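Peer 1: Mind folding the following:
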Amino acid sequence: MKTIYDLTLIVPLYNEQENVLTFLKELRTIDIRPNLSVLLINDGSTDQTWNKITSIKKSDFNFKVEAISFSRNFGKESALAAGLTHCQNTAAIIIDGDRQHPLSLIPTMINTYENGDYEIINATKRSRGKESWLSKLQSDFFYASLKTLSGQNLKNHSDFKLLSPFAINSWKKLGESNLFFRGNIGWLGLRSKNIYFEVQERTSGNTKFNLTEKVSLSLTSITSFSTIPLKITTLLGVIFFIFAFLLSAEALITIFTGNAEKGFPTVIFLILITGSCILTSLGIIEEYLS
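Peer 2: Numbering: from 1, shown residues only. Predicted coordinates for the structure are as follows:
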């Protein structure tokens, strides 16, 4: 049986001026046994989030509150990386500051970790809550593509996780520059346990995760965990070579039957052969890179 003595709650925040103080006040009502530190990470907010954080008095809460502020918006993945880098020999729980992750689940996460042989406790969504059909379609397509290309099934997973000190140190050793937190943690292959929760409705503010950020994260995650996109060029080279062979055979037939335009079959043959050789060569280079 493992015991958590010190726990850091890592909370990324971007334009959450309406939620940050309410989040801390609600956390104060939760019975959390380990020594608790809350690390608030202001990801370059353009509203009053940082002013709200700096107004916090230590005497207002029965836990330690620390804060990091970025010079600009670097994105949630960078905020999580900063939080985990800050942790020194403590367990950590990643949780969103928009209050859609239920704080009441934290004691269950701690108990599950302490009573089992796990390094990671994943809080997994039972459903995606009240999302538009378009957003759900985008998410389903992304997770299906990721599973097909990389073998990782992260559907309904979230960043809401408990990580042991060993898991945090293992993540630090990865040294990844293109970050996809959920994928990086899953790729470690450490023993994990899923517990499930219902996504809570936002009480204020709107989601800051727009389509551009979703596409960017999707590209990062797929290229970080799969070499299949690199192999597409090799496949195209093979396809071009087959076409070159078939069309070259047709060109030779037209030459021997006397129906060919002068010089035209030769041009087609050279273009197709050259194209297939270039694509195949690129495919070989990409195999070495992958």
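
Peer 1: CA only for contacts and neighbour counts going forward, please
Peer 2: Will do.

Peer 1: Would you agree residue 121 is in contact with residue 159?
Peer 2: No: at 10.7 Å, residue 121 does not count as touching residue 159 under the criterion of C-alpha atoms under 8 Å.

Peer 1: which intervals of the stretch 1-150 of the chain have sub-threshold pLDDT?
Peer 2: Along the stretch 1-150 of the chain, segments meeting pLDDT under 70 span 1, 128-150.

Peer 1: Where do the helices of it begin and end?
Peer 2: Along the stretch 1-150 of the chain, the stretches classed as helices by DSSP state H, counting those that start in this stretch are 20-27, 49-54, 76-86, 106-114, 133-150.

Peer 1: Between residue 121 and residue 159, which has more neighbouring residues?
Peer 2: Taking other C-alpha atoms under 10 Å, residue 121 and residue 159 do not tie; residue 121 has more neighbours (22 against 18).

Peer 1: List the residues that contact that one.
Peer 2: If you count contacts by C-alpha atoms under 8 Å, 6 or more residues apart in numbering, residue 121 has them with 109, 112, 113, 161, 162, 163, 192, 193, 194, 195.

Peer 1: One more pass at 7 Å, please.
Peer 2: Counting by C-alpha atoms under 7 Å, 6 or more residues apart in numbering, residue 121 touches 109, 113, 161, 162, 163, 192, 193, 194.

Peer 1: Emit the PyMOL select command for whichever of those are buried.
Peer 2: Those of the contacts of residue 121 that count as buried under 16 or more other C-alpha atoms under 10 Å are selected in PyMOL with:
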select buried, resi 109+113+161+162+163+192+193
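
Peer 1: Show me which of the contacts of residue 121 is closest to residue 47.
Peer 2: If you rank the contacts of residue 121 by distance to residue 47 using C-alpha to C-alpha, residue 161 comes first, at 27.3 Å.

Peer 1: State the distance from that closest one to residue 96.
Peer 2: 10 Å (C-alpha to C-alpha, to the nearest Å).

Peer 1: And the pLDDT for the residue nearest in space to the middle of the chain?
Peer 2: The chain has residue 180 as the residue nearest its centroid, 3.2 Å off, counting by C-alpha atoms, centre = their mean. If you check residue 180, the pLDDT there is 79.

Peer 1: tell me how far stretch 193-203 is from the chain's mean position?
Peer 2: Put simply, stretch 193-203 sits 18 Å off its chain's centre (C-alpha atoms, centre = their mean, to the nearest Å).

Peer 1: now do stretch 105-125
Peer 2: For stretch 105-125, the distance to the chain centre is 20 Å (C-alpha atoms, centre = their mean).

Peer 1: tell me which residues of it are tucked away?
Peer 2: Those would be 106, 109-110, 112-113, 118-125, for stretch 105-125 by 16+ other C-alpha under 10 Å.

Peer 1: Now render the residues you listed as a markdown table, adding distance to residue 169.
Peer 2: Putting these into a markdown table (distance: C-alpha to C-alpha, whole Å) gives the following:
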| residue | distance to residue 169 |
| --- | --- |
| 106 | 21 |
| 109 | 20 |
| 110 | 19 |
| 112 | 21 |
| 113 | 17 |
| 118 | 15 |
| 119 | 11 |
| 120 | 12 |
| 121 | 16 |
| 122 | 17 |
| 123 | 20 |
| 124 | 23 |
| 125 | 26 |
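
Peer 1: Against which helices or strands is the helix or strand residue 283 falls within packed?
Peer 2: Element membership for residue 283 (DSSP states H and E) is helix 264-289. Counting contacts by 3 or more C-alpha pairs under 7 Å, 6 or more residues apart in numbering; DSSP states H and E, helix 264-289 is packed against helix 228-256.

Peer 1: Show me what the helix it packs on is packed against.
Peer 2: So helix 228-256, by 3+ C-alpha pairs under 7 Å, 6+ apart, packs with helix 264-289.

Peer 1: The same query, at a cut-off of 10 Å, please.
Peer 2: Contacts defined by 3 or more C-alpha pairs under 10 Å, 6 or more residues apart in numbering; DSSP states H and E place helix 228-256 against helix 133-150, helix 211-225, helix 264-289.

Peer 1: Look at residue 14 and say how many residues are nearby.
Peer 2: 25.

Peer 1: tell me the contacts of it?
Peer 2: 20, 41-47, 49-50, 73, 75-76, 79, 96-98, 207-209 (C-alpha atoms under 10 Å, 6 or more residues apart in numbering).

Peer 1: what about 7 Å?
Peer 2: Listed by C-alpha under 7 Å, 6+ apart, the contact partners of residue 14 are 42, 43, 44, 45.

Peer 1: Buried among the residues you listed? Need that as a selection in ChimeraX.
Peer 2: Selection command for ChimeraX covering only the buried members of the contacts of residue 14, criterion 16+ other C-alpha under 10 Å:
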select :42,43,44,45
